[in-house]
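*Asks:* How does the following fold in three dimensions:
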Amino acid sequence: MKETGEWTNHVELGKWADAFILAPVTANTLAKLANGYCDNLLIATYLSADCPIFFAPAMDLDMYTHPTTSASISKLLSYGNIELPVGTGELASGLEGQGRMCEPEDILIQVEQYFELGNSLTGKTILVNAGPTYERLDPVRFIGNYSSGKMGKAIANELARRGAYVHLVLGPASKDGIDAKVQLTQIESAEEMYETCIAIFSKCDAAILSAAVADYRPASRADQKIKKNDDNLSLELIKTKDVLYNLGKTKKEHQTLVGFALETQNEYDNAVIKLEKKNLDFIVLNSMNDVGAGFGTDTNKVTILERNGKNHNFDTKPKTEVAKDIVSLLSTYL
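*Replies:* As a prediction, the model looks like this:
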């Protein structure tokens, strides 16, 4: 309240703007934003804002890669905020690596693109799957893989940002960082992944299947923990249902189907075979032989192969940026 008796609206700054850009954002401010510690004008404005919010982390390498910083960023993304990816180069400490604030000209480009693309997929319903599956051996053990689901979650978030209605079927991976607008179903096994995706796909305009679904599962599951009685233990494994192949068989003319191929050898040839065999419109190929690609990383290096013979090669970049490349190509099909 002013001395004149006039009311001062302390949240007004967060109400009039079309976009709110926070740059640079330190590790301390990231933590405050993520957890709502409202002890200054910036945080009060952030908590009151009802427009798209962009944040540009900026800090030294070790601070940026610390788990608490990753957790803060994941929380902010889950609230629907947009990260302006850090740059790589010389830092204030003299170290080389990630942590530089996104360059101002790049911030401007990304904000412009956000508003240009924001409604490009409105009215489209899209299925995404992500993460691993776990195939139980007994109550305490399973067969699984190292997939973190990060690539699929980034794709789901990008689709939601562009206005699509997104169904994300996620294996047993962290739910952190998923946009609140994404419809999430979490499953455990390949059978559950199959049943869920089959049920959803018929209502969709497109599907992007990035999950690392197990190819085999134990033929039987023990009711009790398997005890260590012998020097050797033999397991009989049987094939799981192929989610991507079966979606390809049922795909209608108006639907677009996208798959992933994570390979370790004969990468290109194997991806082409999968593209044809599973009736895909395009496939995203990445190789475990490329640095910064594969399971558990925050970056990826991909090549996209289209059914029409066109190939698109990309350098290593954050998975959030890879998601933009994939979704931009999908948009041309829809």
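*Asks:* Please name every helix or strand in contact with the helix or strand where Ala71 lies.
*Replies:* Following DSSP states H and E, the helix or strand that holds Ala71 is helix 67-78. Under the contact definition 3 or more C-beta pairs under 8 Å, 6 or more residues apart in numbering; DSSP states H and E, helix 67-78 sits against helix 27-35, strand 53-57, strand 82-83. (Each C-beta comes from the backbone N, C-alpha and C, glycine too.)
*Asks:* Now do the shortest one: which elements does it pack against?
*Replies:* When contacts are defined as 3+ C-beta pairs under 8 Å, 6+ apart, strand 82-83 packs onto strand 53-57, helix 67-78.
*Asks:* Can you tell me which of the ones you listed has the worst average pLDDT?
*Replies:* In terms of mean pLDDT, the lowest-scoring of the helices and strands packed on strand 82-83 is helix 67-78 (a mean of 88).
*Asks:* by how many degrees do that one and strand 53-57 diverge?
*Replies:* Using axes from the mean of the first three to the mean of the last three C-alpha atoms, to 10 degrees, the direction of helix 67-78 lies 160 degrees away from that of strand 53-57.
*Asks:* quick one, helices of this structure?
*Replies:* According to DSSP state H, the chain carries its helices in the segments 27-35, 41-48, 61-65, 67-78, 104-117, 150-161, 190-201, 243-250, 267-277, 319-333.
*Asks:* list the contacts for Ala56?
*Replies:* For Ala56, the contacting residues are 21-25, 83-84, 86, 101-102, 107, by C-beta atoms under 8 Å, 6 or more residues apart in numbering.
*Asks:* Tell me the one among the residues you listed nearest to Arg307.
*Replies:* Checking the contacts of Ala56 against Arg307 by C-beta to C-beta gives Glu83 as the nearest, at 32.4 Å.
*Asks:* Kindly state the pLDDT recorded for that closest one?
*Replies:* With respect to pLDDT, Glu83 has a value of 92.
*Asks:* Same question for Leu285.
*Replies:* With respect to pLDDT, Leu285 scores 96.
*Asks:* what's the distance between stretch 141-149 and the middle of its chain?
*Replies:* Put simply, stretch 141-149 sits 17 Å off its chain's centre (C-alpha atoms, centre = their mean, to the nearest Å).
*Asks:* could you give me the average pLDDT of stretch 128-144?
*Replies:* 96.
*Asks:* tell me how far that stretch is from the chain's mean position?
*Replies:* For stretch 128-144, the distance to the chain centre is 20 Å (C-alpha atoms, centre = their mean).
*Asks:* Walk me through the domains of this structure.
*Replies:* Domain segmentation of the chain under automatic domain parsing yields 12-117, 125-221+233-333.
*Asks:* Out of the ones you listed, flag the one nearest Lys227.
*Replies:* Closest to Lys227 of the domains of the chain is domain 125-221+233-333 (C-beta to C-beta; 9.7 Å).
*Asks:* From the chain's centroid, how far away is that closest one?
*Replies:* A distance of 11 Å separates the centroid of the chain from that of domain 125-221+233-333, by C-alpha atoms, centre = their mean.
*Asks:* Quick one: end-to-end length of that domain, please.
*Replies:* Terminal residues of domain 125-221+233-333 are spaced 14 Å apart (C-alpha to C-alpha, to the nearest Å).
*Asks:* Check the contact between Ala58 and Leu84; I expect there is one.
*Replies:* No - shown here, Ala58 and Leu84 do not form a contact pair, counting by C-beta atoms under 8 Å, at 9.7 Å.
*Asks:* Now the common contact residues for the two.
*Replies:* Joint contacts of Ala58 and Leu84 (C-beta under 8 Å, 6+ apart) are Ala23.
*Asks:* Go through the chain and flag its longest strand.
*Replies:* strand 256-263 (DSSP state E).
*Asks:* just to revisit the earlier point, pick the most buried one from the helices and strands packed on strand 82-83.
*Replies:* Ranked by mean neighbour count, the helices and strands packed on strand 82-83 are led by strand 53-57 with a mean of 23 (mean count of other C-beta atoms under 10 Å).
*Asks:* Centre of the chain to it, how far?
*Replies:* Centre-to-centre, strand 53-57 and its host chain are 17 Å apart (C-alpha atoms, centre = their mean).
*Asks:* Name every strand pairing with it and say which way it goes.
*Replies:* The strands beside strand 53-57 in its sheet (DSSP bridges) come out as strand 20-25 (parallel), strand 82-83 (parallel).
*Asks:* just those strands: most buried one?
*Replies:* When the strands paired with strand 53-57 are scored by mean count of other C-beta under 10 Å, the highest mean neighbour count falls to strand 82-83 (a mean of 20).
*Asks:* So what's the gap between that one and the chain middle?
*Replies:* 13 Å.
*Asks:* Tell me where the model's unsure across the stretch 101-250 of the chain.
*Replies:* Under the criterion pLDDT under 70, no range of the stretch 101-250 of the chain is flagged.
*Asks:* and the residue nearest to Ile187 when sequence neighbours are not counted, what does it touch?
*Replies:* Among residues not flanking Ile187 along the chain, Met193 sits closest, at 5.4 Å (C-beta to C-beta, 6 or more residues apart in numbering). By C-beta under 8 Å, 6+ apart, Met193 lies in contact with 129, 133, 169, 171, 187, 211, 213, 243.
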